[in-house]
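Chemist: sequence isn't available, so here's the structure alone:
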């Protein structure tokens, strides 16, 4: 269950991946990352362009200057793409896009994605947006191990079922907790009333229970005995509240054991590398963010949780 590919199609041009911000309606557009792979006869190794869109304070503003050892992946879709590509030896290269400077609206990037959203993928003349679509495309193009997106009809249906459900449930409710427990009180200085915060946490607990009963059941993984894209997408979303200090795995032994299995299947060191930024969110302080950006964060955060 290592999820690694032993060989690549070296003669073929490799796809260009442009990674991730919170790209869907109703979520907060944090300054994030942009993946791109080169067109080359030789495979491009995971390489050097690993910069977070910076605040005016300079590099390291999110994780704490001098403490960042890996890619600054604060976005859930970014982490899913990064983990999947790395664990399957898919060649890619990061390219920096500074959302705080509006680079996602630049003429160059709009050629890649006219919707001005990330993630996006460029494979020759073929362009693709949305992280789930990109994950499925990469799984097929690089013929990754079958367990990621099973050929068995019913196992694949289980993966599709979760990926269809998660967006308005696990993703939405986890994001709400992150906003409520970190962005509003720490960055904006406007904590929610205790009753409202309790309601938001309870909504997350409700979908976690649904996840355990409907999707995980008594299986090691969502699709059965092996890890799949569904597990990967689920876990990166559930790590977001953890980054805000809300350990949703406490007192949930089934969920905690599943998390350990997914981490082991992906690779513990790789998983830690991908999550080090979000788990150091406490280092982010308002003084490292331009005031105009803070106003945008405040407006969109309050709107997301229905307080605008």
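Modeler: Structure's in. What do you need? Nothing here was measured: the structure is a model prediction, and the numbers come from that model. Residues are numbered from 1 along each chain as shown.
Chemist: can you name the residues bridging to residue 122?
Modeler: Beta-bridge partners for residue 122, by DSSP bridges, are residue 16, residue 127.
Chemist: what residue is smack in the middle of the protein?
Modeler: The chain has residue 76 as the residue nearest its centroid, 1.7 Å off, counting by C-alpha atoms, centre = their mean.
Chemist: which helix in the chain has the most residues?
Modeler: Of all segments of type helix in the chain, defined using DSSP state H, the longest is helix 194-210.
Chemist: what mean pLDDT does that helix have?
Modeler: Rounded to a whole number, the mean pLDDT of helix 194-210 is 97.
Chemist: what packs against it?
Modeler: helix 170-178 (3 or more C-beta pairs under 8 Å, 6 or more residues apart in numbering; DSSP states H and E). Heads up, the C-betas are built off the backbone N, CA and C, glycines and all.
Chemist: pLDDT on the helix it packs on, on average?
Modeler: Per-residue scores along helix 170-178 average to 96.
Chemist: buried residues in that helix, which are they?
Modeler: Across helix 170-178, burial judged by 16 or more other C-beta atoms under 10 Å covers 170-178.
Chemist: stretch 148-163 too?
Modeler: Quick answer for stretch 148-163 (16+ other C-beta under 10 Å): 148-150, 155-156, 158-160, 162-163.
Chemist: what of stretch 223-236?
Modeler: Across stretch 223-236, burial judged by 16+ other C-beta under 10 Å covers 223-224, 226-236.
Chemist: for it, measure first residue to last.
Modeler: Stretch 223-236 stretches 17 Å from its first residue to its last (C-alpha to C-alpha, to the nearest Å).
Chemist: now that stretch: average pLDDT?
Modeler: Averaged over stretch 223-236, pLDDT sits at 98.
Chemist: check stretch 269-288 too.
Modeler: For stretch 269-288, mean pLDDT is 85.
Chemist: start to end distance for it?
Modeler: For stretch 269-288, the end-to-end distance is 29 Å (C-alpha to C-alpha).
Chemist: ok, now stretch 208-226?
Modeler: 21 Å.
Chemist: need the residues that contact that stretch.
Modeler: With contacts defined as C-beta atoms under 8 Å, 6 or more residues apart in numbering, stretch 208-226 is touched by 1, 147, 150, 155-156, 158-159, 161-162, 165, 169-170, 227-228, 230-231, 234, 238, 248, 252, 254-255, 258, 261-262, 265.
Chemist: narrow those residues to those in helices?
Modeler: 155-156, 158-159, 161-162, 165, 170, 230-231, 234, 238, 254-255, 258, 261-262, 265.
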